[in-house]
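*Asks:* Sequence unavailable; structure follows:
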């Protein structure tokens, strides 16, 4: 099983980006999916999380600016980021709770995609 993240890049303050993360491999089902981020010298923090039932939760610093969604048919989680500011600059990592059988589940992480907000 692999998670492949994409969509990062350089954007000006006030701009938008959309991150995607697709899971592939021997997947029975996927539970919660999430995005975390880590800036240089800081701890990894939760950005947004979405359950299999599409219940969402967000970190305080991104509420009302970011939206997490998922396409279960594509095993993909998205993060729409609006009104970006320099404090959002970080490596963004996707996470998924993936069941490979009815009785076996494991946490998986993507490789990270860099988001840089700068003029």
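*Replies:* Yep, it's here. Quantities reported herein were computed from a predicted structural model and do not represent experimental measurements.

*Asks:* Spatially central residue for this structure, please.
*Replies:* With distances taken as CA atoms, centre = their mean, the residue of the chain nearest its centroid is residue 35 (2.7 Å).

*Asks:* helices or strands next to the strand or helix carrying that one in the packing?
*Replies:* Residue 35 is located in strand 29-38, with elements delineated by DSSP states H and E. Secondary-structure packing of strand 29-38 (3 or more CB pairs under 8 Å, 6 or more residues apart in numbering; DSSP states H and E): strand 17-24, strand 45-50, strand 66-71, strand 76-81, strand 90-99. (Glycine included, C-beta is placed from N, CA and C.)

*Asks:* Mind doing that once more with 10 Å?
*Replies:* strand 17-24, strand 45-50, strand 56-58, strand 66-71, strand 76-81, strand 90-99, strand 105-109, strand 113-117 (3 or more CB pairs under 10 Å, 6 or more residues apart in numbering; DSSP states H and E).

*Asks:* Can you point out the buried residues in the longest one?
*Replies:* In other words, strand 90-99. Residues of strand 90-99 classed as buried under the neighbour-count rule (16 or more other CB atoms under 10 Å) are 90-98.
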